[in-house]
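>>> structure of the sequence below:
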Amino acid sequence: MFYVKKRSETAGKGVTQFGRAMYELNIDTFCANSSPAKGRVERAHLTLQDRLVKELRLRGISTIEAANAYAPAFMAAYNARFAKPPRSAFDAHRPLRTDEDLDAILTWRVLRKVSDSLTLLNDRVIWLLDDTPANRKLIHRYIEVWEYPDGRLEIRADGVVLPCVPYDKLAEIDQGAVVEHKRLGHALQVAQAIQAQRDNRRVSGSPSRTNRGAAVRKPKPLPGTRKQREVTLEDLNAAVMGTHRNPGRLGAKSPLK
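Predicted coordinates:
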């Protein structure tokens, strides 16, 4: 969850999210730079991606629930065949200290620049800071965006949490709003038609949110979709004419009724 590849998405110069978290937990990390170590890792991946898949197929397992029920038996058989006793039985684990906050340490942190209008952009969401003398001193400065594993997000500057208001550039108009606002029905329908052509994927460097029910980010946009800034005036005119000729095609009532 904490590995990143883009230097611009790291918590510091050359430091990954995982490395930063391990440093704050006072845990030394060792890279497996030797060929034998990498070979063992690749062989383990091949086993899990090949043998495990075949085992599931032979047992007729095709659901996540059934696979989770079979996992303990597979791990026991796998460890009995391939596991080796360690050279030392010393347990190097230590208890968590009282001053170590796992929720704060295991956050996804990125630096974002504050604009002249006291806004910053993160993962296609614009965050608006309060217009205060203290916040105005942050203009053109890079401040931190913390995203917690449970989805909470904080904007921090010099360790202080800043109050802010989000504006999601990928927000969608609810169909109920089209029906409720009869005078704006046609305009909202046009907005819906444009949004249907929009690439709603988040930024590729953002953390995975599948643990919170979000879908896996697709590597490529869906056919017929494009980025919001690629929408042209011709696309807008086509949406206006299309919804004007067929005011009820999106399930909304006609604005004239």
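>>> who's in contact with Y142?
L111, R112, K113, V114 (CB atoms under 8 Å, 6 or more residues apart in numbering). Where C-beta positions appear, they are placed from N, C-alpha and C, glycine not excepted.
>>> what's the pLDDT at the first one?
As predicted, L111 sits at a pLDDT of 92.
>>> check whether it sits in a helix, strand or coil.
When classified by DSSP: H, G, I helix; E, B strand; the rest coil, L111 comes out as strand.
>>> for my notes, confirm L56 occurs in a strand.
No: looking at L56 with three-state DSSP, it is helix, so not inside a strand.
>>> helix or strand for the residue nearest to it when sequence neighbours are not counted, just tell me which one.
Residue nearest to L56 in three dimensions, not counting chain neighbours: A67, with 6.1 Å by CB to CB, 6 or more residues apart in numbering. With secondary structure defined by DSSP states H and E, A67 is part of helix 64-82.
>>> in that helix, which residues are buried?
F74, Y78 (16 or more other CB atoms under 10 Å).
>>> average pLDDT for it?
Mean pLDDT, computed over helix 64-82, is 91.
>>> ok, stretch 219-226 next?
The model assigns stretch 219-226 a mean pLDDT of 71.
>>> how near is D91 to P85?
14 Å (CB to CB, to the nearest Å).
>>> which residues in this structure form strands?
108-113, 119-122, 125-129, 142-147, 153-157, 160-162, 164-168 (DSSP state E).
>>> want to throw the ones you listed into JSON lines with distance to D28?
Formatted as JSON lines, the strands of the chain follow (distance: least, CB to CB, whole Å):
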{"stretch": "strand 108-113", "distance to D28": "21"}
{"stretch": "strand 119-122", "distance to D28": "31"}
{"stretch": "strand 125-129", "distance to D28": "35"}
{"stretch": "strand 142-147", "distance to D28": "24"}
{"stretch": "strand 153-157", "distance to D28": "27"}
{"stretch": "strand 160-162", "distance to D28": "30"}
{"stretch": "strand 164-168", "distance to D28": "36"}
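>>> what's the least confident stretch among these?
Of all these, strand 164-168 has the smallest average pLDDT, which comes to a mean of 83.
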